[in-house]
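Engineer: Got a sequence here, can you build the structure:
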Amino acid sequence: MPIKSKAKSKPVHYVRESKSKLNHVLLLGILFLVFAIIFLLKLNNEGLFWLLLVVGAVLVANSILLRFSFATPFMFKYILTMLKTKHFVNFITSIAHHAKWFEKICILGSILGFGVTAVDYWFARKIGGWKRILLLLGSAVVLGFFFYTFCKVLFAVPVLAPLFWFCLIAFVILGFGGMSLAILVGYGGLSVISLINHTQICPSVAPVLPGVPIPGLGVAIPLIAWISFVMVLVIHEFSHGIMMIYYKEKIKSVGVILAGIIPFGAFVEQDNKTFEKLDDKKALNVLSAGSASNLFTLGVAWVVLLILITALVPFNPVFEGVAEKSFGGVKVNSVSDTVSFCGVDANAPAKGKLFAGDIVKEINGVDINSIETLNKLFKDANGSIRFTIERTNDKNIPVDLNVGITPFNFEQLGIKRIGVEFAVVPTDYVVPPEIFWASTTLSMISQILLFFIIISFAAGSFNYFPSEPFDGGKMAKIILAPYFGFMKMDKKDTHKLIGRIFVWILIISLTLNMIPYLTMAI
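Structural biologist: Next up, the predicted model:
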């Protein structure tokens with residue numbers, strides 16, 4: 001996110017003005033943390049616990065950062081802060097001298113970001129006539145094939161399936177920006193329909209932080225994803241900076257935007273010349289640079305992950321052999337009373353059929369030697385699932401039993417649950433240190449690469465959303481302005497009109513997407 005330097009902005013040693021206010025914010029944050037503990041321990045309300053915990057932690061951390069002048073406020077005082085540094089400016093400058101090739105990636109990124117509309121802006125309008133029409137039609141076919149090949153997987157989730165063709169058309173016309181817009185608008189419509197039909201669907205908009213359960217889902221992204229997240233942020237913002245310096249714009253600082261101590265975003269801060277002085281095409285490349293680099297490095301990370309997986313094939317028997325010696329099977333760790341997902345609750349199908357300590361030997365006649373095998377068989381099974389288990393009877397004698405369980409199916413997401421937490425049964429086998437460290441290291445690298453791919457796609461695609469504060473909001477004003485020429489407005493007023501249209505679409509869509517939270521609360 002390129003931001004402009006303000007001549008009158010206060011220096012980093014800001015906030016002497018309101019020590020008393022910061023003390024009040026600190027006290028408020030501590031109260032939030034206390035209430036979070038009360039809600040967890042006394043009321044067993046995990047949802048409110050995490051909400052109060054996050055808000056309280058943000059207020060406490062920000063009040064301390066501002067109180068001791070480690071950071072400066074950003075947009076929402078006491079909620080977001082900025083940490084600035086000049087240390088990386090020279091590094092970005094050294095890369096920018098060789099960035100001519102990167103300019104082409106930025107143009108390609110803007111085409112992926114804004115579809116045939118960007119093709120028309122960059123190329124088709126220049127040639128005009130039938131050539132323009134043919135180029136746009138050809139581009140539409142290529143973009144449609146790209147979407148069908150690489151984005152179709154997003155709509156494998158049953159609740160998103162009705163939006164497939166709507167999103168495909170939006171992608172062809174406005175690229176990832178149009179797809180993001182179509183998903184937000186479309187899911188808002190689905191939320192309204194679910195409210196009318198008295199059905200529950202999962203929220204589509206939720207804060208996603210590694211280590212923190214996603215509201216409504218109850219699952220959390222592993223903490224190791226923070227490494228991937230920071231890598232994506234650095235690549236995104238450094239790419240903005242590279243194009244700025246390539247176009248002779250000066251950078252005053254780079255930094256991160258924090259919500260408490262959590263990286264919420266990043267920025268490059270311009271110096272002297274303002275962004276508006278760049279011509280439109282250069283401005284587009286600066287704005288596109290971050291998302292384009294995320295999409296490009298996504299492809300690089302995918303290739304590296306495939307190479308890593310291929311290179312490990314000869315060693316798989318070794319790792320599998322160690323795993324077989326380390327684990328003696330799968331057992332039932334605990335059984336819940338209910339299963340729940342996105343506000344839908346049901347009695348746990350396994351309650352009274354499986355018990356803690358049961359050893360799972362087979363599922364539908366297939367031997368179980370790992371949780372991975374169990375999950376795969378469970379996912380592929382249809383209807384009732386037959387468990388063959390070993391259970392110790394009253395006389396302390398292990399006996400084999402067959403238990404049939406029909407999972408509860410959360411149809412909107414195609415997810416099945418029986419209300420059981422499984423765990424591996426360890427053995428006395430000691431894993432050789434070299435195998436342990438090799439396996440652990442390779443697992444960490446694979447996870448980092450996988451989350452890097454996922455987060456890069458999210459950042460690279462959704463940041464083209466054609467509304468501010470996203471980079472796509474400024475890009476939309478430039479790319480779409482020629483189509484508003486019939487209104488006979490000057491450039492500034494045209495950009496304002498385009499910005500207002502998409503901001504209102506964003507606000508209304510976000511409001512509709514909050515409906516699932518309301519119905520979950522009720």
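
Engineer: Show the subsequent helix or strand relative to the host helix or strand of residue 435.
Structural biologist: Under the criterion of DSSP states H and E, residue 435 resides in helix 433-462. Using DSSP H and E, the next helix or strand after helix 433-462 towards the C-terminus is helix 471-480.

Engineer: gap between stretch 459-478 and the chain center?
Structural biologist: 16 Å (Cα atoms, centre = their mean, to the nearest Å).

Engineer: For that stretch, output the C-alpha coordinates as PDB.
Structural biologist: C-alpha atoms of stretch 459-478 as PDB (Å, rounded to 0.1, in the frame of the first residue of the first chain):
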ATOM      1  CA  ALA A 459      -3.500 -11.000  -1.100                       C
ATOM      2  CA  GLY A 460      -2.900 -11.000  -4.800                       C
ATOM      3  CA  SER A 461      -6.500 -11.500  -5.900                       C
ATOM      4  CA  PHE A 462      -8.500  -9.700  -3.300                       C
ATOM      5  CA  ASN A 463      -6.200  -6.600  -3.300                       C
ATOM      6  CA  TYR A 464      -7.500  -5.900  -6.800                       C
ATOM      7  CA  PHE A 465     -11.000  -5.300  -5.300                       C
ATOM      8  CA  PRO A 466     -12.200  -2.200  -7.100                       C
ATOM      9  CA  SER A 467     -12.800  -0.100  -4.000                       C
ATOM     10  CA  GLU A 468     -10.600   1.800  -1.700                       C
ATOM     11  CA  PRO A 469      -8.800   1.200   0.600                       C
ATOM     12  CA  PHE A 470      -7.500  -1.700  -1.600                       C
ATOM     13  CA  ASP A 471      -5.000  -0.900  -4.400                       C
ATOM     14  CA  GLY A 472      -7.700  -2.000  -6.900                       C
ATOM     15  CA  GLY A 473      -9.800   1.000  -5.800                       C
ATOM     16  CA  LYS A 474      -7.300   3.500  -7.200                       C
ATOM     17  CA  MET A 475      -6.700   1.200 -10.300                       C
ATOM     18  CA  ALA A 476     -10.500   1.100 -11.000                       C
ATOM     19  CA  LYS A 477     -10.600   4.900 -11.200                       C
ATOM     20  CA  ILE A 478      -7.900   5.000 -13.900                       C
END
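
Engineer: Buried residues, it. List them.
Structural biologist: By neighbour count on 16 or more other Cβ atoms under 10 Å, the buried set for stretch 459-478 is 459-467, 470-478. Every residue, glycine included, has its C-beta placed from N, CA and C.

Engineer: Stretch 314-331 too?
Structural biologist: 322, 323, 326, 327, 329, 330, 331.

Engineer: Domain boundaries for the protein, per the record?
Structural biologist: With domains defined by automatic domain parsing, the chain comprises 1-79, 97-208+444-521, 315-429.

Engineer: Confidence-wise, which of those domains is weakest overall?
Structural biologist: Among the domains of the chain, domain 1-79 has the lowest mean pLDDT, at a mean of 67.

Engineer: Does residue 258 belong to a helix, a strand or coil?
Structural biologist: strand (DSSP: H, G, I helix; E, B strand; the rest coil).

Engineer: Please determine how far it is located from residue 394.
Structural biologist: 58 Å (Cβ to Cβ, to the nearest Å).

Engineer: more crowded one of those two?
Structural biologist: residue 258 (22 against 5; other Cβ atoms under 10 Å).

Engineer: Which strand residues bridge that one?
Structural biologist: residue 81, residue 263 (DSSP bridges).

Engineer: again, but for residue 387
Structural biologist: residue 363, residue 403.

Engineer: Distance check, it against residue 420.
Structural biologist: Counting by Cβ to Cβ - residue 387 and residue 420 are separated by 10 Å.

Engineer: what sits against the nearest residue to residue 480 once chain neighbours are set aside?
Structural biologist: Using Cβ to Cβ, 6 or more residues apart in numbering and skipping residues adjacent in sequence, the residue nearest residue 480 is residue 498, 5.4 Å away. Residue 498 sits next to 476, 477, 480, 481, 484 when contact means Cβ atoms under 8 Å, 6 or more residues apart in numbering.

Engineer: And those, which is closest to residue 176?
Structural biologist: Using Cβ to Cβ, residue 476 comes nearest to residue 176 of the contacts of residue 498, at 12.1 Å.

Engineer: residue contacts, the residue lying closest to the closest one once chain neighbours are set aside?
Structural biologist: Of all residues not flanking residue 476 in the chain, residue 466 sits nearest, at 3.6 Å (Cβ to Cβ, 6+ apart). Each residue near residue 466 by Cβ under 8 Å, 6+ apart is listed here: 114, 174, 177, 178, 181, 472, 473, 475, 476, 480, 502.
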